[in-house]
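In: dropping a prediction and its sequence here:
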Amino acid sequence: MYQYSGRLALQQRVLPSYRVPFFDLLAQSCMGGMSLFAGAPRRVEMIQSGQTQIADFKQAENIHLFSNSFYLCYQKGIVNWLEEWNPNALIVEASLRNISTPSAVNWLHSRRRKAIGWGLGAPKGNGAWARFINKFDAMLAYSQRGAEEYAALGFPPEKIFVAHNSVSPAPTFDLRPSIYNLQPTILFVGRLQARKRIDSLLRACAEMESKPRLIIVGDGPERASLQSLARDVYPAAEFIGAKHGAEIKPYFEEADLFVLPGTGGLAVQEAMSHGLPVIVAKGDGTQDDLVRGKNGWQITPEDYGALVSTMKNALSDMARLRKMGEESYRIVSEEINIQKMADVFVQALNSLG
């Protein structure tokens, strides 16, 4: 584990529960301590907030302005927090939507201290984004694609660090044995909402020659309508409801293939840690580094034909699926997990001098 000798301040708009293990792990690497500043989400976001155990936590007062593409957030008290914590360095979300970020960066720079931006990437040729990111002393990108986007806007490549987005530790259990079921099992885990395209998954299962067992783990606003649809197009679909922690493990162990037909979804890495090959819709670039030709497939979002053909291809060779699952396990064991992510954060901090 890498170590940072200074005192770290880290800002987030909100603190989702899935990020808590990472932030506590990062706090263990900060010899001077770490304080996390985050506020409450909007009710419409339906984000489950968490609470750190190791990192000092300071509740921000989020003032939400406008909505949809015009949404902005102002975090009241951010400068007061910095004055109280008195950090050597600051890591902030690199988002133009948080209008309190410039004042926080200015506070650090006025004291000859450093600020690091952390984000998904930035639009090509956008002058506002270029001016914004070039206020930072280093950048942390979720993915290689994000790093390339920051570099394209003129940020020095040597000051960009790729911390592969992760929410899971490296698996500590052994890879399961290669036992094949006569009926393949497909698993979906996530919130049941329209953008996850579970309706397409139900219809696609109905088109498979050997009808798979379909397990849907999760809850959400679309559950009733999806169950109604399933009765018409795929009655065998099993709606398990929301499961967490140890409760969900048996479903990963029973599955042969994990499918995420829509955007978003943090369960992909957990599926990979259980030795599952994956089919996911292309998104913001974080999937590019995680899902490769040797462990799964990326498909175009909203392309139903691609979903069907890819599922047929995947289920046509169970021995190949098991090999791909072994590669999934290797990736999250050796390359992409929260420990590797924390190490890159510390490397970026130590590069500041």
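Out: Now that the structure is in, tell me what you want to look at. Numbers count the residues shown, from 1 in each chain.

In: pull the helix or strand with minimum mean pLDDT from the chain.
Out: helix 286-290 (a mean of 84; mean pLDDT, DSSP states H and E).

In: gap between that one and the chain center?
Out: 10 Å (CA atoms, centre = their mean, to the nearest Å).

In: what's in contact with it?
Out: 120, 142-145, 162, 164-165, 268-269, 272, 280, 282, 298, 331, 336 (CB atoms under 8 Å, 6 or more residues apart in numbering). Heads up, the C-betas are built off the backbone N, CA and C, glycines and all.

In: okay, and which of those residues map to helices?
Out: 144-145, 268-269, 272, 331 (DSSP state H).

In: which one of those residues has the most neighbours?
Out: Met272 (29 neighbours; other CB atoms under 10 Å).

In: in terms of pLDDT, where does that residue sit?
Out: Per-residue pLDDT puts Met272 at 95.

In: quick check: it touching Val278?
Out: Yes: using CB atoms under 8 Å, Met272 is in contact with Val278, at 6.4 Å.

In: give me the common contacts of these two.
Out: 258, 295, 328.

In: contacts for the strand or helix carrying the first one next, please.
Out: Phe258 belongs to strand 257-260 when assigned by DSSP states H and E. With CB under 8 Å, 6+ apart as the test, strand 257-260 has contacts from 184-190, 196, 201, 212, 267-268, 271-272, 276-281, 307, 311, 314-315, 321.

In: those in strands, which ones?
Out: 185-189, 278-281 (DSSP state E).

In: same list (the residues you listed) but as TSV, adding pLDDT, neighbour count and distance to Ala128.
Out: Below are the ones in strands among the contacts of strand 257-260 laid out as TSV (pLDDT from 0 to 100; neighbours: other CB atoms under 10 Å; distance: CB to CB, whole Å):
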residue	pLDDT	neighbour count	distance to Ala128
Thr185	96	16	47
Ile186	97	23	43
Leu187	97	28	41
Phe188	97	27	38
Val189	95	24	37
Val278	97	26	35
Ile279	97	24	36
Val280	95	23	31
Ala281	93	24	29
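
In: and of those residues, the nearest to Trp81?
Out: Checking those against Trp81 with CB to CB, the nearest one is Val189 at 35.5 Å.

In: and the closest one, how close does it get to Arg223?
Out: As judged by CB to CB, to the nearest Å, Val189 and Arg223 stand 14 Å apart.

In: likewise for Pro16?
Out: For Pro16, the distance to Arg223 - CB to CB - is 21 Å.

In: kindly report the same for Ala319.
Out: Following CB to CB, the distance that separates Ala319 from Arg223 is 35 Å.

In: who has more neighbours out of those two?
Out: Legend: neighbour count by other CB under 10 Å for Ala319 and Arg223, higher for Arg223 (18 against 9).

In: dihedrals phi and psi, the more buried one?
Out: With angles defined as degrees, to the nearest 10, Arg223 sits at phi -60, psi -50.

In: now for it: which residues touch it?
Out: Arg223 neighbours (CB under 8 Å, 6+ apart): 192, 239.

In: again, but for Ala104
Out: Contacts of Ala104 (CB under 8 Å, 6+ apart): 11, 78-79, 82, 90, 92, 115.

In: SS state for it?
Out: Secondary structure, DSSP: H, G, I helix; E, B strand; the rest coil: Ala104 is helix.

In: state the pLDDT value of it.
Out: So Ala104 comes in at 98 (pLDDT).

In: ok, it to Gly50 distance?
Out: Taken as CB to CB, the span from Ala104 to Gly50 is 22 Å.

In: and the gap between Ser228 and Gln11?
Out: 43 Å.

In: so those two - more neighbours on which side?
Out: Just comparing Ser228 and Gln11: by other CB under 10 Å the higher neighbour count belongs to Gln11, 25 against 9.

In: can you check my assumption that that one lies in a strand?
Out: Yes: assessed with three-state DSSP, Gln11 lies in a strand.

In: and the gap between it and Gly77?
Out: 11 Å.

In: can you check Ala40 too?
Out: 13 Å.

In: now do the helices in this protein.
Out: So, for the chain - with DSSP H - the helices run 20-28, 78-85, 101-110, 127-133, 144-152, 198-206, 223-233, 249-254, 267-273, 286-290, 304-315, 318-334, 338-350.

In: using a markdown table, lay out these together with distance to Glu61.
Out: Listed next are the helices of the chain as a markdown table, based on distance: least, CB to CB, whole Å:
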| stretch | distance to Glu61 |
| --- | --- |
| helix 20-28 | 20 |
| helix 78-85 | 9 |
| helix 101-110 | 14 |
| helix 127-133 | 23 |
| helix 144-152 | 29 |
| helix 198-206 | 36 |
| helix 223-233 | 33 |
| helix 249-254 | 38 |
| helix 267-273 | 32 |
| helix 286-290 | 29 |
| helix 304-315 | 43 |
| helix 318-334 | 37 |
| helix 338-350 | 26 |
